[in-house]
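Peer 1: Here is a sequence with its predicted model. Questions after.
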Amino acid sequence: MTTPDPRQDPRAFLRALFDAAVQRAQPAHGLVPFLPPPPDPRRGRTLVLGAGKAGGAMAAALDTLWPADAPLAGLVITRYGHVPPDCAARPGRIEVVEAAHPVPDEAGARATARLMALARGLTEHDLVLCLISGGGSALLAAPAPGLTLADEQAVNRALLASGAAIDEMNCVRKHLSAVKGGRLAALCAPAKVVTLLISDVPGDDPAVIASGPTVPDASTCAEALAICRRHGIELPPAALAGLESGAFETPKPGDTAFAGHEVHVVATPRMSLEAAAALARNAGLAAHVLGDDVEGESREVAKVHAALARSVARHGTPFAKPCVILSGGETTVTVRADTPQGGRGGRAGEFALGCAIALAGEAGVHVLAADTDGIDGIEHNAGALAGPDTLARAAAAGLKPREALDRHDSFGFFDTLGDLVVSGPTHTNVNDFRALLVL
C-alpha cells in the first residue's frame, strides 16, 4: 500500500505511522522464535493459559503455529470486543473468553477461577505456555484470601484515578491478588512454564506486564502499602491487614517454583516505534524516537513535546525539519476530587489536546496520539489528531479547549471536531503511540 504524502495529507500520513506501529506488534510476528518443542504426548501435555488485550490474537497465532498433530488446549482471557474476527468465526484449540477492563467484573472472576483450576495438578512432564499482554491485571480477577471482588474493583478504580504510575499500580495489584505477582506460576509447578509477553510498560519489565503472574516479584507488601498511602488509596480492612502483616507477600526471585521457566518478550513499544520510524524514513523524512518509556501527566508530557516541535519548526533545533518525532510509554491522567464532571477522555486524547493548546496553531506541526490497543480510556476511539487549525476550528464550534482539558473531556472535544482516531480493537497492546510531524 502506498504511504500518503506527508506534505499533501499530514493526517493520513500520521495515521499510516500508527497503523505501521500496530502491525509490528501483532503476535504472529514475534512468537515463532520462542516456541518450544511439544512434550512427548505419551507423558505430558501442552496447556495454554493467558490474559490480556492481545490474548485473543496471541491464542489464534499460537494455534496456527503449533503442530497440527500435537495436542493443545487451554484458556485465555481478553477484553470485551477484543476477540479477532477470525478467531470468533473459527474457534481453535484454545478457548478465548471475554471480561471487563480496566475494572474487573464477575465474568473475569469466573474465567480466572477456571484458569487457576486448569493450572493445578500438573506434572513435571507438562508444558504450560502463558500468553500475557497488557490489560491482564484487570482481566485476571482473583482477590487475595479475605478480599472480595468488590474490594478488588474499588482499589482498581482508586488506582486508576490516582495518577499512580503503572509499576506502582501493579505493585499494589500483585499483593492483593491470588494469581498475579508470580502466583500463577506457583500454581503450575512442577510443570515447565514458558511465558510469551507483549509489553505495554516502560522498560518491558516482565514483572510489571499484567502484574507479572508468572514471574518472581521483588516488590514487597510494605512498598504496596506505601504506594497506597502516597496516593491516598483507601484500602478495605482485610487488604490493609494483609499488607501490614505481610500475609499477602508474593513469591520472590530464587523461589524454586520458577526453576526452569522461560520468559520471552515477543513484541515491545520500541519495536513498534522503530517500524513507524522506518516508514517515515522511506517517505523521505528524518525520524527521531525520543524513547519508549515516557511517563508523567499527559498534559505535562504534551507541553514538553510541543515545545520541542516548536523549536524544530521555528529554529531547526535540535532537529532539522521536515521530520517526525516519535515517543511511547504510558502517561497518566490524574482525576482530582474537585475535577468538574463530564470528562470522557483517555491519556492519548489528553496528550493531543494538551499539544493543541501548547502549540497554539503553530504552522506546520501536526500531532497524533493513540493507544495501540485501539481504545483510549473508556470510549471507542484509539486517540486523536491535532493540527495548526485545531484551535481555530474549536473556536468556530464554540468549544473551549482549556475547559475541556480541565474536565478531562478530550473525547468530547475531538469528537465534535471530527478528529478522533478510530481503529477499533487492534488485538495487540504495546501502549501509547505519539507522533509529531513537523513540516
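Peer 2: Structure's in. What do you need? Keep in mind that what you see is a predicted model, and the values were worked out from it rather than measured. Residues are numbered from 1 along each chain as shown.
Peer 1: helix or strand for residue 327, which one?
Peer 2: strand 323-329 (DSSP states H and E).
Peer 1: Now do that strand: everything it contacts.
Peer 2: Applying C-beta atoms under 8 Å, 6 or more residues apart in numbering, the contact partners of strand 323-329 are 6, 17, 202, 269-270, 272-273, 276-277, 280, 285-295, 305, 308-309, 312, 319, 430-438. Any C-beta I mention is one placed from the backbone N, CA and C, and that applies to glycine too.
Peer 1: Sitting in helices, which of the residues you listed do you find?
Peer 2: Those of the contacts of strand 323-329 mapping onto helices are 17, 269-270, 272-273, 276-277, 280, 305, 308-309, 312, per DSSP state H.
Peer 1: any idea which of those is closest to residue 61?
Peer 2: residue 272 (16.6 Å; C-beta to C-beta).
Peer 1: how many neighbours does that closest one have?
Peer 2: 26 (other C-beta atoms under 10 Å).
Peer 1: The nearest residue to it once chain neighbours are set aside and residue 27, how far apart?
Peer 2: Excluding its sequence neighbours, the residue lying closest to residue 272 (C-beta to C-beta, 6 or more residues apart in numbering) is residue 21, at 3.8 Å. According to C-beta to C-beta, to the nearest Å, residue 21 and residue 27 sit 15 Å apart.
Peer 1: ditto for residue 42
Peer 2: According to C-beta to C-beta, residue 42 stands 30 Å off from residue 27.
Peer 1: neighbour-wise, which of the two wins?
Peer 2: More neighbours surround residue 27 than the other of residue 42 and residue 27, with 25 against 6 (other C-beta under 10 Å).
Peer 1: about what we covered before: derive a PyMOL selection command for the buried subset of the contacts of strand 323-329.
Peer 2: Only the buried entries of these go into this PyMOL selection, using 16 or more other C-beta atoms under 10 Å:
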select buried, resi 6+17+202+269+270+272+273+276+277+280+285+286+287+288+289+290+292+293+294+295+305+308+309+312+319+430+431+432+433+434+435+436+437+438
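Peer 1: Kindly list the longest strand within this structure.
Peer 2: Across the chain, the longest stretch assigned as strand under DSSP state E is strand 286-294.
Peer 1: tell me the angle it makes with strand 323-329.
Peer 2: Strand 286-294 and strand 323-329 meet at an angle of 10 degrees, taking axes from the mean of the first three to the mean of the last three C-alpha atoms, to 10 degrees as the criterion.
Peer 1: what helices or strands is strand 286-294 leaning on?
Peer 2: Here strand 286-294 touches helix 269-282, helix 298-315, strand 323-329, going by 3 or more C-beta pairs under 8 Å, 6 or more residues apart in numbering; DSSP states H and E.
Peer 1: now the angle from the second one to strand 323-329?
Peer 2: With the same axes, to 10 degrees applied, the angle from helix 298-315 to strand 323-329 works out at 160 degrees.
Peer 1: which residues sit against helix 298-315?
Peer 2: 290, 294-295, 317-321, 323, 325, 327, 331-333, 347-348, 350-355, 357-359, 362-365, 367, 405, 434, 436, 438.
Peer 1: likewise stretch 174-183?
Peer 2: Counting by C-beta under 8 Å, 6+ apart, 112, 115-116, 137, 140, 142-145, 147, 151-152, 155, 170, 173, 187, 210-217, 219, 221, 224, 239, 242-243, 248-251, 255, 257-258 sit against stretch 174-183.
Peer 1: cutoff 7 Å now
Peer 2: 112, 116, 137, 140, 142-145, 147, 152, 155, 173, 211-217, 219, 221, 224, 239, 243, 248, 250-251 (C-beta atoms under 7 Å, 6 or more residues apart in numbering).
Peer 1: before we move on, what about stretch 401-412?
Peer 2: Contacts with stretch 401-412, where a contact means C-beta under 7 Å, 6+ apart, come from 299, 333, 335, 339-340, 342-345, 349-350, 352-354, 356-357, 379, 381, 384, 391, 394, 413.
Peer 1: can I get the CA coordinates of it in CSV?
Peer 2: The C-alpha trace of stretch 401-412 is given here as CSV (Å, rounded to 0.1, in the frame of the first residue of the first chain):
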residue,chain,number,x,y,z
PRO,A,401,-10.1,23.8,24.9
ARG,A,402,-8.8,24.6,28.4
GLU,A,403,-12.2,23.8,29.9
ALA,A,404,-12.3,20.5,28.1
LEU,A,405,-8.8,19.7,29.4
ASP,A,406,-9.8,20.6,32.9
ARG,A,407,-12.8,18.3,32.6
HIS,A,408,-10.6,15.6,31.1
ASP,A,409,-13.0,15.6,28.2
SER,A,410,-10.7,15.3,25.2
PHE,A,411,-13.1,12.8,23.7
GLY,A,412,-16.0,15.3,23.5
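Peer 1: average pLDDT for that stretch?
Peer 2: For stretch 401-412, the mean per-residue pLDDT is 95.
Peer 1: Any buried residues in it, and which?
Peer 2: 401, 404-405, 407-412.
Peer 1: how's this protein carved up into domains?
Peer 2: With domains defined by automatic domain parsing, the chain comprises 10-24+269-438, 27-267.
Peer 1: could those be laid out in a markdown table, adding distance to residue 2?
Peer 2: What follows is these, written out as a markdown table (distance: least, C-beta to C-beta, whole Å):
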| stretch | distance to residue 2 |
| --- | --- |
| domain 10-24+269-438 | 9 |
| domain 27-267 | 22 |
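Peer 1: start to end distance for stretch 192-210?
Peer 2: Stretch 192-210 stretches 20 Å from its first residue to its last (C-alpha to C-alpha, to the nearest Å).
Peer 1: shift numbering so it begins at 880
Peer 2: OK, 880 is where the count begins now, so the last one is stretch 1071-1089.
Peer 1: before we move on, the earlier item: now, which of the contacts of stretch 1280-1291 lie within strands?
Peer 2: Short answer: the contacts of stretch 1280-1291 in strands (DSSP E) are residue 1263.
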